[in-house]
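Novice: What would the 3D arrangement of this be:
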Amino acid sequence: MAALMGQSGAGKTTLMDVIAGYKTGGKITGDILIHGAPKEDNLWQRISGYAEQNDILNPYLSVLETLEFTTKCRLPPETDHDEVMSQVISLMHLEAYVNTVVGREKDGEGLPKHARKRVTIANELVTQPRILFLDEPTSGLGCNAAALVIGAVRRSTDALGLITLATIHQPSRKMFESFDDLLLLAKGGRVCWSGPMGVGSDAIFSHFGGIPGALPPLDSCNPADYVLDVVNKVGGDVAVPYYAKSVRSEEVMTDIRADIQIATEGVIGDGPEALPTSAEHTRTLFTEYGLLIKRHILCEWRNPSYSFMRMIFCFGASLFLGILFNGISNNIQGAVFSIAAIFFLVFVLVIPMQAAVIPLIEDRAVLYRETMGGMYSRLSYGFGQLAANIPFHIINTFLMFIAIYFLVGFRMEGNYVGYFLFMLFLSNWVVMSMGQLFALVTPNEESANGLAGLSIILSVCLMGFLITASSMPKGWIWAYWTNLFHYILQGLVTNQISGQSYHIDVGGIIDEALKNGNDNGNATGPSALVFGNDVVPDGTNIASQAANFMALALAAGAGAANNTSFNLTALSDLINCLVTNDCLVEPVTDNFVACTIFNLPDGAWIPKTPVCKDSFQQVTKNIDIMAVTECFLGGDDENSTSVYTDDPNVANGVPVDYTPSNYKALSNSSQIELVTCLVRAILPEDVQRGIKALLKLFQTLFDLVMTVIDVIDNGLSIPGDLILYYFGWAVFRDGEFVAPFKW
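Specialist: Below you'll find the predicted structure:
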């Protein structure tokens, strides 16, 4: 049992850390031999133990559970673990604390300081090391408590046949003389003494008393204080050369040369027992997982301020949201409330994310110590944490579900309820894992919480709700696609509103022009158009012309063409011609007639010839020509003398005496009725088929995505998939909106 002492800054702890293999940075020179053979890291972990100055223990395990976990991780299964633990507990005098939970030292919980120190040492002794390193084992202890610790170390060293090296600072004489050897360092890591202290410390008294300038020791002096006083007084430049010329230094060098000779000849030392090989302590990956999962679950169970309080907070926040958005209705406000409730529910997941930081930061020191000791890998620790959290995530998911789902009034079908539960469970699990990741990659709790807060702010801004994907700057779109919260919100919102219809009560704000053209009873009802991709009808652009034509089609209602006579290809050519030649810009009625029937010469920009007449006639080629002719027989002109002819070769259904003057003489409403009638003549009898065909034609011809929303009872019925399309969570396919991104 050797004491490692020295002047302040002499490198005591550094030397021990290098020998023990706990310090690998910087430049390390020299050789470490084990029984004359070079040190191997795997073997070294098996035969050495290192008790750090700080008592790094899991605060939620009892003393027995702490030792049991270490033995299962470090000892082979054929070893009698109970016998090993009983022996160590007896040697360290820990019988009174076996079932005591370690507790948080900073909060004054659990074990007293001296018992905590002995548990730290016992945790290394149960691994059955051959060499034990102790860094300041009496640090922070009073005289009596320090004596208890050193006495326990002395008993264990003798009983277990250990080589013990301990750094120690200002020990009492009784504690100092518990050691057999002394390694004393001067500043710069230079050796002032290495060897036995002798009976009553007579060897070191004799050596240091003979240094020039040193006072002789008093009979009652403390040997530890005396040797340090001598070195401080005469300085290292005197004490180090004096030792180098001593007989003891020559004996040490002789021993070192003998060990080097043994290593050179490849002869392993003749110790009483063969050294263990690195294969004797192997464990399977599943064994590590099992041990870590069990410990993590036990720790969470004994830490209610972490595990149960986060559930209470999540339940309370979810209940508040449920009350706030209670009883959503099947209107547009209900759709907005549904999205808002889910949006804020995603915020609630921040609670377990932030809560995961604190315990993992506290446990990180234990993780470093145990992985350095070869107890398990960091990968096993991470997967163990993930698996151990599953039971608590399940409970938290059901509590949040019960608190919000029924109060808000989400969909009650089994598949929607199941999806909500599954997605909420995955969200709890993944988001909390993000918090644990932040705790592992940052240096302290403040940095971890700061990083988590920053990631939350960015995630919320770029999740596709406050700013849609189409409105984001191009340089930030990557953040949308890599945003975890985007997929959580998209999935939960799609689950709720996809396939639903939501009503807007617009009352008197509906434009009167939208209601015109329905007096004949054939119209589908007032309707509105909604364009995708942020398209806005304006002036003569394609969207404006499409809106004008769709308004005519909606006002026309059921068409005159049956399934046989309806020619979709001809209709496509006609629409392409009308839009290309600006035939659907205001005034729509004049331009439509001028492009398809006859020239209206009194308009400066109206086409001089009916540029789309051939396309119009091609559409009406196979239909009953009476449907076209009847359009010209109506009107409110009392002086009309129109004559009808059933000859299809005469003006293609236009009465022979019908001229542009007759058209101009009509009132505005009659002109609208005439054009609406002409449009009705080229549309199919099936209203829905006609509208869907027109939507698909505009998308095919002009890449224009739009949908028709029926105005029913002074309101708009909006499909939920259209709302999803606005946020980028649905697509326009085959004339309708679909939301394939639920998963």
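
Novice: and the closest residue to residue 162 other than its chain neighbours, what are its bridge partners?
Specialist: On the basis of CB to CB, 6 or more residues apart in numbering, the spatially nearest residue to residue 162 that is not a chain neighbour turns out to be residue 132, at 5.0 Å. Where you see a C-beta, it was placed from the backbone N, CA and C, and this is true even at glycine. Following DSSP bridges, residue 132 is listed with bridge partners residue 49, residue 164.

Novice: Residue 132: neighbouring residues, count only.
Specialist: Residue 132 has 24 neighbours, counted by other CB atoms under 10 Å.

Novice: Residue 122 is in contact with that one, correct?
Specialist: No - distance between residue 132 and residue 122: 11.0 Å, which falls outside the contact criterion (CB atoms under 8 Å).

Novice: what is in contact with those two at once?
Specialist: Counting by CB atoms under 8 Å, 6 or more residues apart in numbering, residue 132 and residue 122 have no shared contacts at all.

Novice: quick one, longest helix in this protein?
Specialist: As assigned by DSSP state H, the longest helix anywhere in the chain is helix 414-441.

Novice: I'd like the next helix or strand past that helix.
Specialist: Using DSSP states H and E, the helix or strand that follows helix 414-441 in sequence is helix 445-461.

Novice: Give the next helix or strand downstream of that next one.
Specialist: Defined by DSSP H and E, the subsequent element after helix 445-461 is helix 477-481.

Novice: Contacts for that following helix next, please.
Specialist: With contacts defined as CB under 8 Å, 6+ apart, helix 477-481 is touched by 458, 462, 463, 464, 469, 472, 486.

Novice: lowest average confidence, helix or strand, in the protein?
Specialist: Least confident helix or strand of the chain, by mean pLDDT, DSSP states H and E, is helix 512-515 with a mean of 40.

Novice: Which residue ranges of the stretch 501-650 of the chain form helices?
Specialist: Taking DSSP state H, counting those that start in this stretch to define them, one finds helices in the stretch 501-650 of the chain at 512-515, 542-556, 568-580, 588-596, 613-619, 626-629.

Novice: And the strands in the stretch 151-300 of the chain?
Specialist: Across the stretch 151-300 of the chain, reading from the start of the chain, the strands by DSSP state E, counting those that start in this stretch fall at 163-167, 181-186, 190-196.

Novice: okay if I get those strands as TSV plus mean pLDDT and mean neighbour count?
Specialist: Below are the strands of the stretch 151-300 of the chain laid out as TSV (pLDDT from 0 to 100; neighbours: other CB atoms under 10 Å):
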stretch	mean pLDDT	mean neighbour count
strand 163-167	91	22
strand 181-186	90	23
strand 190-196	89	21
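
Novice: Tell me what residue 731 is bridged to.
Specialist: Partner residues in beta bridges with residue 731, using DSSP bridges, are residue 738.

Novice: burial of it, as a residue count?
Specialist: Other residues near residue 731 come to 16 when the count uses other CB under 10 Å.

Novice: now for the helix or strand containing residue 698, which elements pack on it?
Specialist: Per DSSP H and E: residue 698 is located in helix 687-702. Helices and strands touching helix 687-702, as assessed by 3 or more CB pairs under 8 Å, 6 or more residues apart in numbering; DSSP states H and E, comprise helix 542-556, helix 568-580, strand 706-710.

Novice: Which positions in the second one come out as buried?
Specialist: Applying a neighbour-count criterion of 16 or more other CB atoms under 10 Å, the buried positions in helix 568-580 are 570, 571, 572, 573, 574, 575, 576, 577, 578, 579.

Novice: Find the residue closest to the second one in space, skipping its chain neighbours.
Specialist: Okay, so that is residue 571. Going by CB to CB, 6+ apart, residue 571 has residue 619 as its nearest residue, at 5.6 Å.

Novice: same deal with the third one?
Specialist: Counting by CB to CB, 6+ apart, residue 697 is the residue found nearest to residue 572 once chain neighbours are left out, at 5.3 Å.

Novice: so what's that neighbour scoring on pLDDT?
Specialist: If you check residue 697, the pLDDT there is 83.

Novice: what about it, neighbour count?
Specialist: Based on other CB under 10 Å, the number of other residues close to residue 697 is 20.

Novice: ok, now which ones touch it?
Specialist: By CB under 8 Å, 6+ apart, residue 697 lies in contact with 568, 571, 572, 575.

Novice: Including pLDDT, could these go into JSON lines?
Specialist: Formatted as JSON lines, the contacts of residue 697 follow (pLDDT from 0 to 100):
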{"residue": "568", "pLDDT": "83"}
{"residue": "571", "pLDDT": "85"}
{"residue": "572", "pLDDT": "89"}
{"residue": "575", "pLDDT": "88"}
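
Novice: quick one: which two of the residues you listed are the most distant?
Specialist: Within the contacts of residue 697, 568 and 575 form the most distant pair, 10.5 Å apart (CB to CB).

Novice: and the helices of the stretch 501-650 of the chain as JSON lines, adding distance to residue 198?
Specialist: Formatted as JSON lines, the entries for the helices of the stretch 501-650 of the chain read as follows, by distance: least, CB to CB, whole Å:
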{"stretch": "helix 512-515", "distance to residue 198": "110"}
{"stretch": "helix 542-556", "distance to residue 198": "102"}
{"stretch": "helix 568-580", "distance to residue 198": "109"}
{"stretch": "helix 588-596", "distance to residue 198": "115"}
{"stretch": "helix 613-619", "distance to residue 198": "118"}
{"stretch": "helix 626-629", "distance to residue 198": "126"}
